[in-house]
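Student: Model the structure of this input:
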Amino acid sequence: MLEVALRHRFGPAGFALEAAFATPPQGVTALFGPSGCGKSTILAAVAGLLRPQAGRIALDGTLLLDTATRLFLPPERRRCGMVFQDARLFPHLGVERNLRYGERRAPQDATGPGFEEVVALLGLGPLMGRRVVQLSGGERQRVALGRALLSRPRLLLMDEPLAALDAERRQEVLPFLARLRDVAGLPILYVTHALEEVDALADALVLLEGGRVLAAGPVEELTARTDLPLARRRDAGVLLGCQVAETGQDGLTRLSFPGGALLTTLPPGPPGTKLRLRLRARDIAVALAEPRDISTRNVLKARIAAIQPAPAPQEVFLDLAIGPSHLLACVTRDSVARLGLRPGLELWALVKAVTFEHRVASGEPPAASAAMG
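Tutor: Here you go, the predicted structure:
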């Protein structure tokens, strides 16, 4: 577990950071927020690239920083693997020699994946005979990931590793990041301002604004909260953990979740494949009676657990309970009045579209996103 508590100000009237949080012992913790909120400053302090004015950082009980006792472990002794926006590979070396550089930096007694395992994990085999200048941006980032992993770190730090890539290259690298998360068994601190990366990768979320931590916890819990800035986004909605149940002869795949099931048009994987769905609040409508003779296939019986204010004054969020699972629907206040919506009322939720990102326990790369009304 990584424990962080920091206070730092850049100049008398400059940016001030005051943040405290703890991460799970494994998986990806995303530092998320707008540019300038302090994400990269926190990462630099954890890596030892910034000495904060006050604070304490501990990794699995080992102190990396404690300003109260003037302890400051230098970066080379922290065993943090770092991946930046730009790959920062050695341009005069080939792919294999860049990877071997990371391997040589690993402590002799450190455990972790070997060279061949990392090459296979990140799909680097076809690149081994090439020089850095011959690689695409996505390929460079995969090599940078491999080099960091071969140093056998105790903690992997990623500072917006996909920000410099175009959309196509980001989709190329994301599956390998997901495989790394699932297979490496390392805690990963991941800086991003892209919600789609949070959806695809994060297990825990630290939500930042203006140098402060607004909330921290499991990503699925925080996306369901209507009191956080995430609810002000047009793509606001919940993340729902699902599993492929079956693919029927009609070509539709049934995705089960606690309390119900959804249908999608593209086969996301064999039965048992684990997924994470983003169900946007604006893609969910409600009806008092079960709809019939409509094109929408995903119609779920639900109960209104709560009605919460939405960012727009003429709208509200409905917290819809479907068994133990919860969805959010964004509807107008006029709809609340016309339909007599109230907490405890049972109704039907119509999911207009389903979009998903895979979280595959086996580490296989994800299939394409799918949508179905």
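Student: Only C-alpha atoms from now on, for both contacts and neighbour counts.
Tutor: OK.
Student: By mean pLDDT, point me to the weakest helix or strand of this protein.
Tutor: strand 355-358 (a mean of 47; mean pLDDT, DSSP states H and E).
Student: low-confidence ranges in the stretch 201-350 of the chain?
Tutor: Counting by pLDDT under 70, the stretch 201-350 of the chain shows low-confidence ranges at 267.
Student: in it, which spans are helices?
Tutor: 219-223, 333-339 (DSSP state H, counting those that start in this stretch).
Student: Pipe these into JSON lines and attach mean neighbour count per row.
Tutor: Below are the helices of the stretch 201-350 of the chain laid out as JSON lines (neighbours: other C-alpha atoms under 10 Å):
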{"stretch": "helix 219-223", "mean neighbour count": "20"}
{"stretch": "helix 333-339", "mean neighbour count": "13"}
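Student: Let me know which of the ones you listed is the nearest to residue 31.
Tutor: In terms of C-alpha to C-alpha, the element of the helices of the stretch 201-350 of the chain nearest to residue 31 is helix 219-223, at 11.0 Å.
Student: Alpha carbons only: can I get the closest one in PDB?
Tutor: Output of helix 219-223 as PDB, limited to C-alpha atoms (Å, rounded to 0.1, in the frame of the first residue of the first chain):
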ATOM      1  CA  VAL A 219     -13.600   3.800  -9.000                       C
ATOM      2  CA  GLU A 220     -17.100   2.300  -9.300                       C
ATOM      3  CA  GLU A 221     -18.200   4.000  -6.100                       C
ATOM      4  CA  LEU A 222     -16.900   7.400  -7.100                       C
ATOM      5  CA  THR A 223     -18.500   7.400 -10.500                       C
END
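Student: and it, what other elements does it pack with?
Tutor: strand 204-209, strand 237-247 (3 or more C-alpha pairs under 8 Å, 6 or more residues apart in numbering; DSSP states H and E).
Student: who touches that helix?
Tutor: If you take C-alpha atoms under 8 Å, 6 or more residues apart in numbering as the criterion, helix 219-223 is touched by 202-205, 215-216, 228, 230-231, 236-240.
Student: at 10 Å instead, please
Tutor: With contact meaning C-alpha atoms under 10 Å, 6 or more residues apart in numbering, helix 219-223 is reached by 29-30, 198-199, 201-207, 215-216, 228-231, 236-241, 276, 278, 326, 328.
Student: Just to be sure, residue 97 is in a helix?
Tutor: Yes. Under DSSP: H, G, I helix; E, B strand; the rest coil, residue 97 falls within a helix.
Student: OK, contacts around it?
Tutor: Contacts for residue 97 (C-alpha under 10 Å, 6+ apart) come out as 90, 103, 128, 129, 131, 147.
Student: Next secondary structure element downstream of the helix or strand that contains the last one?
Tutor: Meaning residue 147. Using DSSP states H and E, residue 147 sits within helix 137-150. Once the chain leaves helix 137-150, the next helix or strand it forms, by DSSP H and E, is strand 155-159.
Student: Can you read off the pLDDT for residue 368?
Tutor: Residue 368 carries a pLDDT value of 37.
Student: before we move on, the earlier item: tabulate the helices and strands packed on helix 219-223 (a markdown table), appending distance to residue 98.
Tutor: Formatted as a markdown table, those follow (distance: least, C-alpha to C-alpha, whole Å):
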| stretch | distance to residue 98 |
| --- | --- |
| strand 204-209 | 31 |
| strand 237-247 | 38 |
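Student: Now mean neighbour count and distance to residue 44 too, for these, in CSV please.
Tutor: As requested, the helices and strands packed on helix 219-223 are exported to CSV (neighbours: other C-alpha atoms under 10 Å; distance: least, C-alpha to C-alpha, whole Å):
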stretch, mean neighbour count, distance to residue 44
strand 204-209, 23, 16
strand 237-247, 22, 29
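Student: so which of the ones you listed comes closest to residue 168?
Tutor: strand 237-247 (23.5 Å).
Student: Going by contacts, tell me the helices and strands next to the closest one.
Tutor: Applying 3 or more C-alpha pairs under 10 Å, 6 or more residues apart in numbering; DSSP states H and E, one finds that strand 237-247 contacts helix 219-223, strand 253-257, strand 260-264, strand 274-280, strand 325-332, strand 355-358.
Student: To residue 175, which of the ones you listed lies closest?
Tutor: strand 355-358 (8.7 Å).
Student: Can I get the helices of the stretch 201-350 of the chain in CSV including distance to residue 60?
Tutor: Listed next are the helices of the stretch 201-350 of the chain as CSV, based on distance: least, C-alpha to C-alpha, whole Å:
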stretch, distance to residue 60
helix 219-223, 22
helix 333-339, 49
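Student: Residue 59: which of those helices is closest?
Tutor: helix 219-223 (21.3 Å).
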